[in-house]
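Asker: Generate coordinates for the sequence data below:
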Amino acid sequence: MSKKKPLFEFKDIHVEVEGKEVVKGVSLTIMPGETHAIMGPNGSGKSSLSNALMGHPSYEIVKGEAYLDGQNIIEMASDERSRAGLFLAFQYPLAVPGVSVANFLRSALQSHRGKDADMSDYRKLLKSEMAALSVDPAFATRYLNEGFSGGEKKRVEILQMSVLNPKVALLDETDSGLDIDALKTVAEGINRYHNADNGILLVTHYQRLLNYVKPDIVHVMMNGKFVKSGGPELALKLEEKGYEWVENENNNRVGV
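Answerer: Residues are numbered from 1 along each chain as shown. Model prediction:
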């Protein structure tokens, strides 16, 4: 019986923003079918890590390795990482005036499939995914994220993920700014996408998203490092005791 290989892994990742080190040597392995969650207070480096892994030019990986399905992605541009199967749902999705949702998603899918690929199924796929995420069909002709509410922007991010069907989805605080109904809809979209062959890395402050999208492993990030990892029960304990509990425990361990 062949041993499963990691789907996504990074080792000793260090990230700098404008010369300041914000991620200080983190490592993680996601196997096919797994969901990992990174939790931590503001300024701990969670979003910086996500952006750096996706290849955002403002977040420089100065040390470390990252592999997606065996491919070294460190030297790839962000669009190459996307075509290789990595997806990032942004915490603050940008508006793109003049480009409709339908045209944006069609261009993205065409880029992933190849310029000569058959796109005859696109309209049916888009209509189906929009219905599943309770996105008004009229949004297809609206400019991407222009005038959208926070919840609408997040649904369109998950719509993009559903259409592209990446190998690994990095979801950066997808739950921020969502009311309970929008949160449930977005969570349903994430769960519908997830299967035994892909992987999810969730970045969040709170337990509430994890009530609907169940993580296999939870990592606590503070001051640019992973300071604790555990099962889903760790998120519940954080909700109860707060991040100060982990910080105090970590300080006691190292004798500070």
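
Asker: what pLDDT does G255 get?
Answerer: With respect to pLDDT, G255 has a value of 50.

Asker: would you list every one of the strands in the stretch 101-250 of the chain?
Answerer: Taking DSSP state E, counting those that start in this stretch as the criterion, the stretch 101-250 of the chain contains strands spanning 143-144, 168-172, 199-204, 217-222, 225-230.

Asker: will you turn those into JSON lines that also has mean pLDDT, distance to F104 and mean neighbour count?
Answerer: Heads up, the C-betas are built off the backbone N, CA and C, glycines and all. Shown next, in JSON lines, are the strands of the stretch 101-250 of the chain (pLDDT from 0 to 100; distance: least, Cβ to Cβ, whole Å; neighbours: other Cβ atoms under 10 Å):
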{"stretch": "strand 143-144", "mean pLDDT": "94", "distance to F104": "5", "mean neighbour count": "20"}
{"stretch": "strand 168-172", "mean pLDDT": "96", "distance to F104": "18", "mean neighbour count": "25"}
{"stretch": "strand 199-204", "mean pLDDT": "96", "distance to F104": "23", "mean neighbour count": "25"}
{"stretch": "strand 217-222", "mean pLDDT": "96", "distance to F104": "31", "mean neighbour count": "22"}
{"stretch": "strand 225-230", "mean pLDDT": "95", "distance to F104": "34", "mean neighbour count": "17"}
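
Asker: R113 is nearest to which of those strands?
Answerer: strand 168-172 (18.2 Å; Cβ to Cβ).

Asker: Output that closest one as CSV, nothing but the C-alphas.
Answerer: The C-alpha trace of strand 168-172 is given here as CSV (Å, rounded to 0.1, in the frame of the first residue of the first chain):
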residue,chain,number,x,y,z
VAL,A,168,-5.3,23.9,-1.8
ALA,A,169,-7.3,26.9,-0.6
LEU,A,170,-5.8,29.5,1.8
LEU,A,171,-8.8,31.3,3.4
ASP,A,172,-7.6,34.5,5.1
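
Asker: Residues in contact with it: which ones?
Answerer: 7-8, 30, 46-47, 50-51, 53-54, 68, 85-91, 161, 190, 193, 198-203 (Cβ atoms under 8 Å, 6 or more residues apart in numbering).

Asker: out of those, which are inside helices?
Answerer: In helices, defined here by DSSP state H, the members of the contacts of strand 168-172 are K46, S47, S50, N51, L53, M54, M161, I190, Y193.

Asker: Now do the same contact list for L94.
Answerer: Neighbouring residues of L94 by Cβ under 8 Å, 6+ apart: N145.

Asker: distance of it from V156?
Answerer: 11 Å (Cβ to Cβ, to the nearest Å).

Asker: Common neighbours of the two, please.
Answerer: Common contacts of L94 and V156 (Cβ under 8 Å, 6+ apart): N145.

Asker: Give the buried residues for stretch 62-82.
Answerer: Across stretch 62-82, burial judged by 16 or more other Cβ atoms under 10 Å covers G64, A66, Y67, L68, D69, I73, M76, S78, R81, S82.

Asker: So which of these sit within helices?
Answerer: S78, R81, S82.

Asker: could you dump those residues to CSV with pLDDT and distance to G25?
Answerer: Shown next, in CSV, are those (pLDDT from 0 to 100; distance: Cβ to Cβ, whole Å):
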residue, pLDDT, distance to G25
S78, 95, 23
R81, 97, 21
S82, 96, 26
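
Asker: ok, so of these, who is nearest N250?
Answerer: Ranked by distance to N250 (Cβ to Cβ), those are led by R81 at 32.0 Å.

Asker: Look up how far D69 lies from that closest one.
Answerer: Counting by Cβ to Cβ, the gap from R81 to D69 is 12 Å.

Asker: do the same with R155
Answerer: 28 Å.
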